[in-house]
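In: give me coordinates for this.
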Amino acid sequence: MQRMTALFSAALLTAGLMSASAAFAQEDPAAAPEQPQADAQAQNFSDEQLQQFADASQEIAVISQEYTQRLQDAGEDKEAQQQVRMEANEKMVKVVEDSGLEVETFNSIGHAIQQDPELMQRVQKMAGQQQPQ
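Out: Got it, this is the predicted structure:
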């Protein structure tokens, strides 16, 4: 169970990274997506979306771990750090999109499970049913 909590923590941290990177890349803070609208939809996720989130979260946790090490290896070089973040972000966005979810939906589910322990348990159970690859 501790492994699942760590996995979702990594996925949520990554979801925040994706959001922050998207907003940073837009160079316009006013263009960032509005979170209250996403929260309003939080309870309307299908089992299929939750399963997609669980599957993507597992892959993202692996990517996050790999790129955390690469970020540490970049040391104080800000340009190298930014390059590592961008590369990690691209991979994570691809995982989310390949899972069948939009990044916004993935992030909304991530925020919803932070607020709803029962939803967190449902997603953890779905993730636990998957066999490691």
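In: next, count neighbours for Glu111.
Out: That one is not Glu; residue 111 is His. 18 (other C-beta atoms under 10 Å). In this view, the C-beta of every residue, glycine as well, is placed from N, C-alpha and C.
In: ok, it to Phe53 distance?
Out: Separation of His111 from Phe53 (C-beta to C-beta, to the nearest Å): 11 Å.
In: correct me if wrong: Ala88 contacts Val62.
Out: No: look at Ala88 against Val62 with C-beta atoms under 8 Å: they stay out of range, at 11.3 Å.
In: and the host helix or strand of Gln69, average pLDDT?
Out: Element membership for Gln69, per DSSP states H and E: helix 47-73. Mean pLDDT, computed over helix 47-73, is 92.
In: how about it: buried residues?
Out: 49-61, 63-64, 67 (16 or more other C-beta atoms under 10 Å).
In: closest one to Leu101 out of those residues, please.
Out: Gln52 (4.9 Å; C-beta to C-beta).
In: quick one, phi/psi of the residue nearest to the closest one when sequence neighbours are not counted?
Out: Spatial nearest neighbour of Gln52, excluding adjacent residues (C-beta to C-beta, 6 or more residues apart in numbering): Ser99 at 4.4 Å. Here is the backbone geometry of Ser99 (degrees, to the nearest 10): phi -70, psi -10.
In: where in this protein is pLDDT low?
Out: Residue ranges of the chain with pLDDT under 70: 1-43, 130-133.
In: all helices of it, in order?
Out: Using DSSP state H, the helices of the chain run over 2-26, 35-40, 47-73, 78-98, 103-115, 117-128.
In: any idea which of those helices is most buried?
Out: helix 103-115 (a mean of 20; mean count of other C-beta atoms under 10 Å).
In: how far off helix 47-73 does it point, in degrees?
Out: Angle, helix 103-115 to helix 47-73, by axes from the mean of the first three to the mean of the last three C-alpha atoms, to 10 degrees: 90 degrees.
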